[in-house]
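**Q** Predicted model, plus sequence, below.
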Amino acid sequence: MADTPSRPAIPAEEVPPRTRPSNYPEPFASRMAGREKRPLGDFFGLGHFGVNLTRLAPGAISALRHAHSEQDEFLYILEGRPTLVTDAGRTPLEPGMCVGSPAGTGDGHQLVNESDVEVVYLEVGDRSPGDRVVYPDDDLQAEWVDSAWRFTHKDGTPY
């Protein structure tokens with residue numbers, strides 16, 4: 001996490017975007033092309049939850065479709081019209097709509113920008129220890145170990 005800034009408030013666009021677009025190993029990391037995250041929570045030194053201002057270019061996805069064991073997630077759509085993809089199907093979203101993904105449900109979720117304009121949203125998640133993530137559509141799983149994600153194949157072999 002970054003040191004606490006000297007200013008108590010700044011425009012969100014002044015928070016630098018992540019230099020590394022994804023923590024996923026290849027071949028998954030390259031699928032995050034067109035996604036930009038500005039880690040607002042990290043910028044202010046928040047330790048109990050994260051907040052990202054995220055932009056998706058046309059054709060981009062928010063993440064691989066995934067479900068957390070311990071972390072709740074919340075999304076608030078600011079601009080654009082993404083599609084929410086869950087186990088229940090596809091739900092069109094628009095500005096002002098929000099999505100809550102409670103931990104432990106096993107319901108994989110992701111946003112897909114199938115439009116020709118950029119999507120902008122706020123993403124909020126807690127930082128629950130012991131979190132595990134399953135990716136129902138990909139041979140990937142993740143575990144939060146020693147303050148870092150450890151990615152393995154579904155059979156447990158490392159990437």
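**A** Received it, and whenever you're ready, just let me know what you need.
**Q** what's Pro95 in contact with, if anything?
**A** By Cβ atoms under 8 Å, 6 or more residues apart in numbering, the residues touching Pro95 are 77-81. The C-beta positions use only the backbone N, C-alpha and C, and glycine is treated the same way.
**Q** try Gly106
**A** 67, 87, 134.
**Q** With Pro92 instead?
**A** Counting by Cβ under 8 Å, 6+ apart, Pro92 has contacts 81, 83-84.
**Q** Show me which of the contacts of Gly106 are buried.
**A** The neighbour-count criterion (16 or more other Cβ atoms under 10 Å) marks 67, 134 among those as buried.
**Q** picking up where we left off before, the contacts of Pro95: which two are farthest apart?
**A** Leu78 and Arg81 (11.5 Å; Cβ to Cβ).
**Q** picking that back up, could you turn the buried ones of the contacts of Pro92 into a ChimeraX selection?
**A** To isolate the buried members of the contacts of Pro92 in ChimeraX, using 16+ other Cβ under 10 Å:
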select :83,84
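**Q** Can I get the contacts of Pro92 in TSV including secondary structure, distance to Pro95 and pLDDT?
**A** Putting those into TSV (DSSP: H, G, I helix; E, B strand; the rest coil; distance: Cβ to Cβ, whole Å; pLDDT from 0 to 100) gives the following:
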residue	secondary structure	distance to Pro95	pLDDT
Arg81	coil	8	98
Thr83	strand	14	98
Leu84	strand	14	98
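**Q** of the contacts of Pro92, closest to Val117?
**A** Arg81 (7.8 Å).
**Q** Could you double-check that the closest one sits in contact with Glu118?
**A** No. With contact defined as Cβ atoms under 8 Å, Arg81 does not count as touching Glu118 (10.5 Å).
**Q** Helices along this structure, start to end?
**A** 40-43 (DSSP state H).
**Q** Please enumerate the strands of it.
**A** Ranges of strands in the chain, per DSSP state E, are 35-39, 49-56, 67-68, 73-79, 83-86, 89-92, 98-101, 109-112, 119-126, 132-134, 141-145, 148-152.
**Q** Can you say which of those strands is nearest to Ala9?
**A** Closest among the strands of the chain, using Cβ to Cβ: strand 49-56, at 13.7 Å.
**Q** Nice, that's everything, thank you.
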